[in-house]
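> sequence? don't have it. structure:
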């Protein structure tokens, strides 16, 4: 900030990282301005996707759900959706009660197959554990307990000591449910 105040300019990559730092420090309005400026420049496409996800977080923190969702959807103009984008969309539809759309996006997260060599930040939980545990929850809400159980078991193969998995396992044991995935 001192350098900027003294007139130093930022290149595209510096704008991206500066916008992220502002977000991490809860300087949301400043972050939004820097990230929006970055998106209008010529930065790396993987950074543009990440900037859209960061803007989703910024606008959600500011209570502007419309702009948050628009920012996330903007990421689709740069690359096919990765696991994190799919999971955020799955969460959006889960919160709104549209369970079938939520299922679609969590399954898309499982199948997103992100490229480790892309140069972008990849959290493998968004391609495995998170969508699996959320699909368990969704199928339970939809009354498809065999599928819910099976997705929980797959999640448990990834993180066998996770509290969510273990609590779900107890829940299904009480119900006497065992199942398989048919889709």
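Happy to help now that I have it. Quantities reported herein were computed from a predicted structural model and do not represent experimental measurements. Residues are numbered from 1 along each chain as shown.
> Return the set of buried residues in whatever helix or strand residue 87 lives in.
Taking DSSP states H and E as the definition, residue 87 sits inside helix 83-95. Residues of helix 83-95 classed as buried: 83, 84, 85, 86, 87, 88, 89, 90, 92, 93, 94 (neighbour count, 16 or more other CB atoms under 10 Å). For glycine as for every other residue, the C-beta is placed from the backbone atoms N, C-alpha and C.
> cool, and stretch 68-83?
Residues of stretch 68-83 classed as buried: 68, 69, 71, 72, 74, 75, 78, 79, 81, 82, 83 (neighbour count, 16+ other CB under 10 Å).
> contacting residues around that stretch?
39, 45-46, 48-49, 52-53, 55-60, 85, 88-89, 92, 108-110, 112, 114, 120, 122-124, 126-127, 130-131 (CB atoms under 8 Å, 6 or more residues apart in numbering).
> That stretch: end-to-end distance?
One end of stretch 68-83 sits 17 Å from the other (CA to CA, to the nearest Å).
> So what's the gap between that stretch and the chain middle?
With CA atoms, centre = their mean, to the nearest Å as the basis, stretch 68-83 stands 10 Å off its chain's centre.
> and if you look at stretch 81-100?
8 Å.
> again with stretch 1-20
26 Å.
> middle-most residue in this protein, spatially?
Centroid-nearest residue in the chain: residue 84, 2.9 Å away (criterion: CA atoms, centre = their mean).
> My guess is that one contacts residue 56. True?
No. Counting by CB atoms under 8 Å, residue 84 stays clear of residue 56, with 9.8 Å between them.
> thinking again about what came up before, contact partners for the residue nearest to the residue nearest to the centre of the chain when sequence neighbours are not counted?
Counting by CB to CB, 6 or more residues apart in numbering, residue 84 lies nearest to residue 126, which is 4.3 Å off, once chain neighbours are set aside. With contact taken as CB under 8 Å, 6+ apart, residue 126 is in contact with 82, 83, 84, 86, 87, 109, 112.
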